[in-house]
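Student: starting from these lines, generate the structure:
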Amino acid sequence: MIIDNKSWPKLKDSLIRFFFNELSLKILISLLTFCAVYLFCEKLNSFLMIRVYINMRSSYDNNPRVYFHNQKGDFDVENLVMAHIDRSDGFVNLKFKIPEEIKNPMVMSLFVGEKEGVIEIKSIRMETLFKRYQWLAGDIMREFVPNENIAGYELVDGVVRITTKHNTPFISNWNIGDKYEALQRSIDKHYLSYVFGAAAALIVFFILRKKRFPAIDPRGKSIFSISTASVFALFISLPFMSTFFLITYKVNITEQRTLARKPPLKNFEDLARFVDDYTQYYEDNFGFREMLIRWNNEFKVKWLNTSPMQEQVVFGRDGWVYLSALNIINDYKGIKQFTNAELAEIKHTLLERQRWLAKRGMKYYVIIASNKETIYPDYLPDYIKKTGGKTRAEQLMEYMDNSTVKIINVKDALLNAKPRGLLFHKTDTHWNSYGAFWAYREIMKTMGFPGSEPMDISEFSLHKKYIKGGDLYKLLSLSDLYTDEDVIFHHIKPYRSVLGKPGNYSNPCWDPNTPIVVKEIDDKHLPKIVVFRDSFFINLLHFFSEHFQRSVFLWTMTFDKEIIENEHPDIVVTEFVERDIDRLSDKKIRELTGPATPTQK
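Tutor: Numbers count the residues shown, from 1 in each chain. Coordinates of the predicted model:
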């Protein structure tokens, strides 16, 4: 049947009559009832989540965090919840809402503070609406174990008094698995949302079945206008209704800042500031915000093939993604360069470190892990071109050419290894295990001490593994929609190195999800080493530690003399990714010192 100009009005009239007849409207109203009741029940169900309450006070403004992890002590930064306490608050009940995505943890750790001070805890509660577990002060002393960054841990007048000596103090309960599982079982009520939604929809339908609706003229000219206006009004009011009725759809997105907290209105004097503070709070927390951000990012990436955060991430060719923050692109182009004063400051810092170590009979090496675009410029977008100027790494290598400080730049080794296989993740800033292996071989060849001969690729069986999208897609909150590949190294013979214990010193890292890693080999002929490193060294650890009697890996750019003197190593290494090359200067590190915040490394 061909629809012509004469038959179209009849067809249009029939369609409108079909969709606007009484039965269709009654079914539509019943479906809307189901959706409303389902969402309401799901919101009520969200109140059944596991919560942790800690009654505590702090001697300074503080951001305590609760971590959940496994028995090995492996932390996942996504498995944490943060709260805030002011030193003027006195004892308060801090509430931590535990996301339902956290499944079957074995250990709960409380990160009690960010700097030196005193924290006092009266009780810790982990509960749902139906079940509760509580630890009073005496129970906390028995069941929560302090780490090495807690100088004092004592029971005083029914209160646990914790004296911290560094910025990563935490206490851990290593036996919460059964309790957490019991709490999860007590709140598994999602099926009731469907039951109540279906029951409400059926009740509404049977009530409406006997009701007569007013006659509707589908041919009326205003039907389309009214429908369009109604749908538009519904959608623009969703964020407000979500906020007002506390109904939302949970989506995990990556925020690189702390969202505004709901401001208190304690007295009339606060009113002027309250309006601006509440506006900021609402902009950060309005209903469906996370979902809308996620949809916006997904639409731009999938349909427009463009980055929703050009200042952070740029898309290259063939699925390659690059970091654009931190002046990386300008550094690659040769636009962002060191001044002579900055080069002199770095040289002075490195020579001072080398002299200090030489007096103690120790060697010093600096390792530069290449940026992704340094090794794979082939896939950068066409508008990113080098201008002919030197990168900062090239400047530094040239400036330090006649220096006694040994700088190991693995750039040439990686470029030579490119034909062998993929060396970097397409969706991540980091090299993969295969790239790390060839960097490791270059480092060990350069060090050249007895026992430093690097392992050969033939000593491993290699397996390709697909993983979820890397840190660049995580910045866009889309890592679960994309995949990347890695190479898994299985040593044919067992590794010689085993886990060891750190010495009696504080962890210099800002957060306990990056603990001190110590590896040991029972061979007195091998040297000892201390490595100040970043995230690029993660894939190097297993290879590197096979050549040292004791290897201590610390995630920090600070040259920590206390740790060096405690460990008495033969070799000290500072490793950093090329984009952080300015942190070789002690002056720059001092500028960055302060309340630590997570950064992509």
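Student: where along the stretch 351-500 of the chain do the helices fall?
Tutor: 372-375, 392-399, 411-417, 433-447, 471-475 (DSSP state H, counting those that start in this stretch).
Student: kindly reformat these as TSV containing mean pLDDT.
Tutor: Shown next, in TSV, are the helices of the stretch 351-500 of the chain (pLDDT from 0 to 100):
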stretch	mean pLDDT
helix 372-375	96
helix 392-399	96
helix 411-417	97
helix 433-447	96
helix 471-475	92
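Student: right, and the ones you listed - which one's nearest residue 524?
Tutor: helix 433-447 (18.6 Å; C-beta to C-beta). The way it works is simple: take the backbone N, C-alpha and C, and place the C-beta from them, glycine included.
Student: would you mind pulling the contact partners of the closest one?
Tutor: Here helix 433-447 makes contact (C-beta atoms under 8 Å, 6 or more residues apart in numbering) with 365, 367, 369, 375, 406, 408, 410, 412-414, 416-417, 420-424, 431, 452-455, 457, 462, 486-489, 536, 539-540, 543-544, 547, 571.
Student: now that helix: buried residues?
Tutor: 433-444, 446-447 (16 or more other C-beta atoms under 10 Å).
Student: and of those, the nearest to residue 117?
Tutor: Nearest to residue 117 out of the buried residues of helix 433-447 is residue 436 (C-beta to C-beta; 38.6 Å).
Student: give me the ChimeraX select line for the contacts of helix 433-447, limited to the buried ones.
Tutor: Buried members of the contacts of helix 433-447, defined by 16+ other C-beta under 10 Å, are picked up in ChimeraX with:
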select :365,367,369,375,408,410,413,414,417,422,423,424,431,454,455,486,487,489,536,539,540,543,544,547,571
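Student: now distance to residue 162 too, for the helices of the stretch 351-500 of the chain, in CSV please.
Tutor: As requested, those are exported to CSV (distance: least, C-beta to C-beta, whole Å):
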stretch, distance to residue 162
helix 372-375, 42
helix 392-399, 43
helix 411-417, 46
helix 433-447, 38
helix 471-475, 33
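Student: residue 211: neighbouring residues, count only.
Tutor: 8 (other C-beta atoms under 10 Å).
Student: next structured bit after the longest strand along the chain?
Tutor: For the chain, the strand with the greatest residue count under DSSP state E is strand 117-127. Next helix or strand after strand 117-127 toward the C-terminus (DSSP states H and E): strand 132-136.
Student: tell me what that next one is packed against?
Tutor: For strand 132-136, the packing partners by 3 or more C-beta pairs under 8 Å, 6 or more residues apart in numbering; DSSP states H and E come out as strand 117-127.
Student: show me what the strand it packs on is packed up against.
Tutor: strand 51-58, strand 132-136, helix 137-143, strand 159-164, helix 177-186.
Student: any chance of those in JSON lines, plus mean neighbour count and mean pLDDT?
Tutor: Formatted as JSON lines, the helices and strands packed on strand 117-127 follow (neighbours: other C-beta atoms under 10 Å; pLDDT from 0 to 100):
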{"stretch": "strand 51-58", "mean neighbour count": "21", "mean pLDDT": "93"}
{"stretch": "strand 132-136", "mean neighbour count": "15", "mean pLDDT": "94"}
{"stretch": "helix 137-143", "mean neighbour count": "16", "mean pLDDT": "93"}
{"stretch": "strand 159-164", "mean neighbour count": "22", "mean pLDDT": "92"}
{"stretch": "helix 177-186", "mean neighbour count": "16", "mean pLDDT": "85"}
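Student: in stretch 190-199, what's buried?
Tutor: Buried, per 16+ other C-beta under 10 Å, within stretch 190-199: 193, 196, 197.
Student: counting neighbours, what do you get for the closest residue to residue 523 other than its chain neighbours?
Tutor: Using C-beta to C-beta, 6 or more residues apart in numbering and skipping the chain neighbours, the partner closest in space to residue 523 is residue 549 (5.8 Å). Each residue near residue 549 was counted by other C-beta under 10 Å, and the total is 19.
Student: enumerate every residue touching residue 549.
Tutor: By C-beta under 8 Å, 6+ apart, the contact list for residue 549 reads 520, 521, 523, 524, 525, 526, 527, 528.
Student: tell me which two of the residues you listed sit farthest apart.
Tutor: Maximum pairwise distance in those, criterion C-beta to C-beta, is 13.8 Å, between 520 and 525.
Student: between those two, tell me which one has more neighbours.
Tutor: Ranked by neighbour count (other C-beta under 10 Å), residue 520 and residue 525 place residue 520 first, with 19 against 8.
Student: which residue, neighbours along the chain excluded, lies closest to that one?
Tutor: Closest to residue 520 by C-beta to C-beta, 6+ apart is residue 500, at 3.9 Å.
Student: tell me how far that neighbour lies from residue 168.
Tutor: Applying C-beta to C-beta, to the nearest Å, the value for residue 500 to residue 168 is 19 Å.
Student: show me what counts as buried in the longest helix along the chain.
Tutor: Counting residues, the longest helix in the chain under DSSP state H turns out to be helix 22-46. Applying a neighbour-count criterion of 16+ other C-beta under 10 Å, one finds 26, 30, 33, 34, 37, 38, 39, 40, 41, 42, 44, 45 buried in helix 22-46.
Student: do the same with stretch 299-309
Tutor: Neighbour-count burial for stretch 299-309 [16+ other C-beta under 10 Å]: 300, 301, 307, 308, 309.
Student: keep only those of the residues you listed that are in strands.
Tutor: With DSSP E as the criterion, strands contain none of the buried residues of stretch 299-309.
Student: of those residues, which pair is most distant in space?
Tutor: For those, the farthest-apart pair by C-beta to C-beta is 301 and 309; their separation is 10.3 Å.
Student: picking up where we left off before, residue 67: which of the helices of the stretch 351-500 of the chain is closest?
Tutor: helix 471-475 (18.6 Å).
Student: residues making contact with that closest one?
Tutor: 254, 256, 309, 312-313, 321-323, 427-430, 479, 481-482, 600.
Student: ok, stretch 56-68 next?
Tutor: Against stretch 56-68 from outside (C-beta under 8 Å, 6+ apart): 52, 54, 75, 79-87, 89-92, 94, 96, 98, 102, 105, 107-115, 117-122, 170, 180, 512-513.
Student: now with 7 Å?
Tutor: 52, 54, 75, 79-87, 89-92, 94, 96, 102, 105, 108-115, 117-122, 512-513 (C-beta atoms under 7 Å, 6 or more residues apart in numbering).
Student: kindly report the same for stretch 495-508.
Tutor: In contact with stretch 495-508 (C-beta under 7 Å, 6+ apart) are residues 148-149, 165-166, 168, 515-516, 518-521, 542, 545-546, 550, 554, 556, 558, 560, 562-563, 566-567.
Student: just stretch 331-341 next, same as before
Tutor: Surrounding stretch 331-341, the residues in contact under the criterion C-beta under 7 Å, 6+ apart are 327, 330, 373, 386-392, 395-396, 579.
Student: for the stretch 151-300 of the chain, which segments count as helices?
Tutor: Under DSSP H, counting those that start in this stretch, the stretch 151-300 of the chain gives helices at 177-186, 190-209, 223-245, 271-285, 289-302.
Student: and residue 351, how far is that from residue 586?
Tutor: As for residue 351, its distance to residue 586 is 11 Å (criterion: C-beta to C-beta).
Student: neighbour count for the two, which is higher?
Tutor: residue 586 (18 against 15).
Student: can you pull the buried residues of stretch 320-335?
Tutor: For stretch 320-335, by 16+ other C-beta under 10 Å, it's 320-326, 328-334.
Student: with respect to pLDDT, which of those ranks lowest?
Tutor: Within those, the minimum per-residue pLDDT falls on residue 326 (81).
Student: show me how far stretch 156-163 is from its chain's centre.
Tutor: Relative to its parent chain, stretch 156-163 has a centroid offset of 33 Å by C-alpha atoms, centre = their mean, to the nearest Å.
Student: residues contacting that stretch, please?
Tutor: 112, 118-122, 137, 140-141, 150-154, 169.
Student: kindly recompute the last result at 6 Å.
Tutor: By C-beta atoms under 6 Å, 6 or more residues apart in numbering, the residues outside stretch 156-163 that reach it are 112, 118-122, 137, 140, 150-154.
Student: run through the stretch 401-550 of the chain and note the low-pLDDT ranges.
Tutor: Across the stretch 401-550 of the chain, the ranges flagged by pLDDT under 70 are 510-513.
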